[in-house]
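**Q** fold the following and give me the result.
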Amino acid sequence: MDDTDIEQVTLALLDAANDKDSEVQDQVRKSMLTLGKQQPDRVLAMCQDYLLKNPKLVVSHRVVILQTIELIVGCRIEELSAPRIKSIISLASEEMTRSKDVVPDWQQAASNILVAVGNKRINDIMEEILSKFQPGVLPHFFVVQTLANLSDSNVYGMVPFLNAILGTMLPMLGMAKQDNMKWVFSSALCHFSDSILEYLANLDKAPDPTVRKDTFSGEIYAAFDILFNNWLQSREPKLRLTVGEAVGSMCHLMASDKLEEQLPRIIPAIVSLYKKNTEHYVISKSLCQVLEASVNMGSRVLDTQLDSLLVALHQQVSAPVDYSDPPTVKNHNEVLRCFSLLANSFPDRLVMYVLQRLENSNERSRMGSLAVLRHLINSSSSTMESKKLLILASIRQPMADHSNKVKKCVVQVISAMAHHGYLELEGGELLVRFIVQNCALHDTYQSHQRATSDPEDCVHSPHS
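**A** Numbers count the residues shown, from 1 in each chain. Have a look, this model is predicted:
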């Protein structure tokens, strides 16, 4: 295909991008990408010209063309000339910020181009983005969103810029009055914190190995102060969740004395989110990060929070897990991680609490306790070594439970115990006998019920 043919086909495809049928739009993107891989500079130039000459195109039409630019840039950036890259950056930046109102599809498509270029040419992108991220002026929503996404996709390129970005951002937080701006700042702070932590964990691969946690601690604590003391009280559930998530990530970067000072406020605040939100996974993940940061620094005040923490975590771990619903599975796993972290610091109190809850004949409570026991036996074997006889004695009570759901959980715990040498101790033969007896249970689950069952089921048990 010669240059004239490519131009004619490209132009026809650019016109066809206005089709309302999503399958046609998808085919246009694929065809344009095929042409763009052959002649990236030419096809990109035509896309840019088309957008510039038709400023009043409907949003859906512009979006398909912007998405096409992102696809071509993503796989051919190494072949593009510096002037072409500069002009694409300018175009995407202008498309992203032309409307002061948030128009998600359009602005996200433009933002994605900047992220795609930023994966390889971070300095060029930051020069453009920072020109629209000026001190004392509330930036466009998608400028902040783009910075957040860049810190995700190009950790090593972005972290060296983050100290300056945080310095500029801090005064902006006080200027944010609308929930959507508070949300995007909170989301960005969460992404920035995660990126810094990844950078610090892989300093051997980092371009600047002199970067340290305390480089960011002051700015992160100042941001935490605003988010925690003001925004976490929002009535908007989506904002509360994102602020809670950011607090979890920021805890790892706070100076130890500041974190220790704030822990008696942070932990109850995160735990209280369970009652205010239905999406529990994000809360459990945040709580897990707070606990991990606390345990890592050898917190002394964590001890004072333990009783209320165990009550909240046990409620969560006792909630039914629907294995066809990923968020409930992820929440369950995060809660189990919280128990593991606490077991390393408070093994005696934690195990006694779980075993006491095992005495409760409530089905859900027993199943929760058994899930924790199984997890601790598998993940914290050294911590649990001195507790083997105690656990062996305590498991007998739920073995007598009439609920087949509880029996199934008991079998899973015994299976874990077998792998860690419990059954060789006195009383172990009783547990083996229990397993043999329960192998005779017939399977009455219907096919639609199987979808919600635990993939680690060791026995087929009747629905009780």
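**Q** list the buried residues for the helix or strand harbouring Asp15?
**A** Asp15 is located in helix 3-16, with elements delineated by DSSP states H and E. Of the residues in helix 3-16, those scored as buried under the neighbour-count criterion (16 or more other CB atoms under 10 Å) are 6-7, 9-10, 13-14, 16. Bear in mind the C-beta positions are built from the backbone N, C-alpha and C, glycine included.
**Q** do stretch 71-80 as well
**A** For stretch 71-80, a neighbour-count test (16+ other CB under 10 Å) marks 71-74, 76-77, 80 as buried.
**Q** what about the residues you listed, which are in helices?
**A** Counting by DSSP state H, these place 71-74, 76 in helices.
**Q** for these, give me TSV that also has pLDDT and distance to Leu44.
**A** Compiled in TSV, these are given as follows (pLDDT from 0 to 100; distance: CB to CB, whole Å):
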residue	pLDDT	distance to Leu44
Leu71	96	11
Ile72	96	6
Val73	96	7
Gly74	94	12
Arg76	93	9
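**Q** what is the nearest of those to Val351?
**A** Gly74 (51.1 Å; CB to CB).
**Q** what's around the nearest residue to Pro160 once chain neighbours are set aside, how many residues?
**A** Spatial nearest neighbour of Pro160, excluding adjacent residues (CB to CB, 6 or more residues apart in numbering): Asp208 at 5.7 Å. Using other CB atoms under 10 Å, the number of residues around Asp208 comes to 11.
**Q** now do the SS call for Asp208.
**A** Three states are possible here, and by DSSP: H, G, I helix; E, B strand; the rest coil the one that applies to Asp208 is coil.
**Q** just the helices in the stretch 251-400 of the chain please.
**A** Secondary structure of the stretch 251-400 of the chain (DSSP state H, counting those that start in this stretch): helices located at 256-276, 280-296, 302-317, 326-345, 347-358, 363-379, 381-384, 388-394, 396-399.
**Q** now the residue nearest to Pro160. Its backbone dihedrals?
**A** Main-chain dihedrals, Asp208, degrees, to the nearest 10: phi -130, psi 90.
**Q** relative to Tyr199, how far out is it?
**A** Here the criterion is CB to CB, to the nearest Å. By it, Asp208 lies 9 Å from Tyr199.
**Q** one more: Leu71?
**A** 28 Å.
**Q** and Arg42, by the same measure?
**A** In this view, Arg42 and Tyr199 are 38 Å apart by CB to CB.
**Q** who has more neighbours out of the two?
**A** Neighbours of Arg42 and Tyr199, each counted by other CB under 10 Å, are more numerous for Tyr199; the result is 22 against 15.
**Q** that one reaches Tyr156, doesn't it?
**A** Yes - Tyr199 is in contact with Tyr156 according to CB atoms under 8 Å; the separation is 6.7 Å.
**Q** quick check: neighbours shared by these two?
**A** Here Tyr199 and Tyr156 share the contacting residues Ala206, scored by CB atoms under 8 Å, 6 or more residues apart in numbering.
**Q** tell me where the model's unsure across the stretch 101-250 of the chain.
**A** Along the stretch 101-250 of the chain, the model assigns pLDDT under 70 to no residue.
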